Every structure is written in structure tokens, then in C-alpha cells.
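Participant: The following comprises the amino acid sequence and a computationally predicted model.
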Amino acid sequence: MTDGSGHTSGYAPARSEIPAAGVGAGAGPTRKRNSVKLRLADGSESDCRAGIHLAREAHLRTIFRDIAFSETKARAIFDKAMAEPERFGPIYANVQT
């Protein structure tokens, strides 16, 4: 159902309403499409390290950036999320080119 402007009601246009890359007059060169695979964190050490890396990067962009980042606290948060899967759900996205 559309709202009269051609978009479905909600925040994003329906898939069929999004123009394909490289289609139409004046379109630029066709872009290579990447695929993204989403998955829940499995509690592995590599997932923990990736989560800590993301947390450190995010921390640098907050008002708390002048406070030292605590890897110990970040690991404790990751461990708690893995121990309570019904409450937390860390999602990882792997981009494949």
C-alpha cells in the first residue's frame, strides 16, 4: 500500500520501488554488488575480538572518548550477552565482495 507518493507507508520504499543500479537513461556505470551475510554471534574468540574492536572504534566517537577504553569491561559485556541469548543478540555482518 502506498501513501500516494509512490512509497509504501513506513520508512523505506518497497524493494520493487528501488531503481536497479545502471538502469535507465543517464545511469552511470553498473556497480559491482556485494553480498552481506548476517548471523548471530556464536561466542567464539574471534567474535569476541571483533566485538571488542567495534566497541573500541565506537567509543572513540562518543563524548566518553577521553576516558580510557576498557577491554576487560567490553569482554565482560560480550560474555554476558553470550550467557543470556534470550536477552541479547549480537549480530555480525560479513560483507563479501
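Facilitator: That came through fine. Residues are numbered from 1 along each chain as shown.
Participant: Point out where this protein drops to low pLDDT.
Facilitator: Applying pLDDT under 70 to the chain flags the ranges 1-28.
Participant: hey, where'd the helices end up in it?
Facilitator: Assigned by DSSP state H, the chain shows helices spanning 45-59, 71-83.
Participant: Now mean neighbour count and distance to Thr97 too, for these, in TSV please.
Facilitator: Using the backbone N, CA and C atoms, a C-beta is placed for each residue, glycine as well. Shown next, in TSV, are those (neighbours: other C-beta atoms under 10 Å; distance: least, C-beta to C-beta, whole Å):
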stretch	mean neighbour count	distance to Thr97
helix 45-59	14	18
helix 71-83	14	27
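Participant: Would you format those helices as JSON lines with distance to Ile91 included?
Facilitator: Converted to JSON lines, the helices of the chain look like this (distance: least, C-beta to C-beta, whole Å):
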{"stretch": "helix 45-59", "distance to Ile91": "11"}
{"stretch": "helix 71-83", "distance to Ile91": "11"}
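Participant: neighbours of the closest residue to Arg39 other than its chain neighbours, just the number please.
Facilitator: In this structure, Arg39 finds its nearest non-sequential neighbour in Tyr92, 5.6 Å apart by C-beta to C-beta, 6 or more residues apart in numbering. The criterion is other C-beta atoms under 10 Å. On that basis, Tyr92 has 15 neighbouring residues.
Participant: which ones are touching Tyr92?
Facilitator: Leu38, Arg39, Leu40, Ala41, Asp47, Ala50 (C-beta atoms under 8 Å, 6 or more residues apart in numbering).
Participant: Tell me how far it lies from Asp66.
Facilitator: The gap separating Tyr92 from Asp66 is 29 Å, by C-beta to C-beta, to the nearest Å.
Participant: same thing with Glu57?
Facilitator: Distance from Glu57 to Asp66, by C-beta to C-beta: 16 Å.
Participant: Ok, Ala41 next?
Facilitator: Note on Ala41: its distance to Asp66, by C-beta to C-beta, is 29 Å.
Participant: which of those two has more neighbours?
Facilitator: More neighbours surround Ala41 than the other of Ala41 and Asp66, with 19 against 6 (other C-beta under 10 Å).
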